[in-house]
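Undergrad: for reference, the sequence and a predicted model appear below.
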Amino acid sequence: MDFKALIFDLDGTAIKAEYNALPSDAVIKAVEKAQEKIIISIATGRTFIGCEKIITKLKIKFPCIVSGGTELIDPKTGEILWTKKIKVEDIKKTIDICRPYPYEILFSKEIKGSSAQEKEIKNEENVVYIMNTKPEDASQIIKNINLIENVVAHEAGSWTKGMVDIHVTHKDATKKNSLLKWMKILKLNKQNVLAVGDNINDLPLFEVSGYKVAVANASEKLKLKADYIAPSISEDGLAVVINKFILKI
């Protein structure tokens, strides 16, 4: 396998799914060594502001996929290389679906959100984040949102144990779409890209990657699509993947 690039998720894959989590020394060391050989980048549901400190720790130099696949960012300058936003009318439809529920909703780069009943909709947004939902509510909310023609909703990991976050994006702005743009910018072919993830919102990433790795703590749906199951986040699974497939040690 001739890998020229590695792209990986953050929460639950490169770092623990916690607000202030940072990569372990083992992951930092493995990423640093791997960058001497291949292109390294991330694909995360976090905004650039929300992951900039992690990117700095890992010394990522190449374009990064952030905000659930809705933006490609130059990590050195913060320049947006590509973006796709949800139209106002589709945001309104999404919020209407959420009105019966009490969950906090954040738009794009908001740090603090509000409930659907209180939400003001003024502009197009990259992402609508529906936070800390009960799993049984999440499945119904996702089902209803996915009936809206121009958007797509994906289940994502939550920083609250036992809960589920939902990421809503334009249908043409998933990790799949942004990864295709990313590969075009970097002149890469699918077969040369190794992707690592842990949750259902990484399924689009897997669709256009040559080799797919799920960490042991990943969702069962993602594991079924994986070519290889790596050790869990608590066992530095990403570092194991890098050592095995990139550094070959």
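TA: Ah, there it is.
Undergrad: from now on I want contacts and neighbour counts done on CA atoms only, so please keep to that.
TA: Noted.
Undergrad: mind giving me the domain ranges of the protein?
TA: 5-83+173-246, 88-170 (automatic domain parsing).
Undergrad: distance of the most centrally placed residue in the chain from I121?
TA: Centre of the chain computed as the mean C-alpha position; nearest residue by Cα atoms, centre = their mean is T44, 2.7 Å away. Separation of T44 from I121 (Cα to Cα, to the nearest Å): 24 Å.
Undergrad: now swap in D198 and tell me
TA: 32 Å.
Undergrad: got the contact list for the closest residue to P23 other than its chain neighbours?
TA: The shortest distance from P23 to any non-neighbouring residue, by Cα to Cα, 6 or more residues apart in numbering, is to I15 (4.9 Å). Going by Cα atoms under 8 Å, 6 or more residues apart in numbering, I15 touches A21, L22, P23, S24, I233.
Undergrad: now do the same contact list for the third one.
TA: Read it as P23. A14, I15, K16, I54, K57, L58.
Undergrad: secondary structure class of K212, three-state.
TA: strand (DSSP: H, G, I helix; E, B strand; the rest coil).
Undergrad: ok, the closest residue to A218 other than its chain neighbours - how many residues close by?
TA: Among residues not flanking A218 along the chain, D198 sits closest, at 3.9 Å (Cα to Cα, 6+ apart). When neighbours are counted by other Cα atoms under 10 Å, D198 registers 29.
Undergrad: can you pull the contacts of D198?
TA: D9, G12, T13, A214, V215, A216, N217, A218, S219, L222 are the contacts of D198 under Cα under 8 Å, 6+ apart.
Undergrad: okay, these in TSV with distance to N192 and pLDDT next?
TA: Formatted as TSV, these follow (distance: Cα to Cα, whole Å; pLDDT from 0 to 100):
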residue	distance to N192	pLDDT
D9	18	97
G12	24	96
T13	20	98
A214	17	98
V215	20	98
A216	23	98
N217	25	97
A218	23	96
S219	25	94
L222	20	97
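Undergrad: helices along the protein, start to end?
TA: 25-34, 48-58, 88-98, 135-145, 175-186, 203-207, 220-225, 237-241 (DSSP state H).
Undergrad: enumerate every residue touching A116.
TA: Taking Cα under 8 Å, 6+ apart as the test, what A116 contacts is I95, D96, C98, R99, Y101, P102, Y103, E104, I105.
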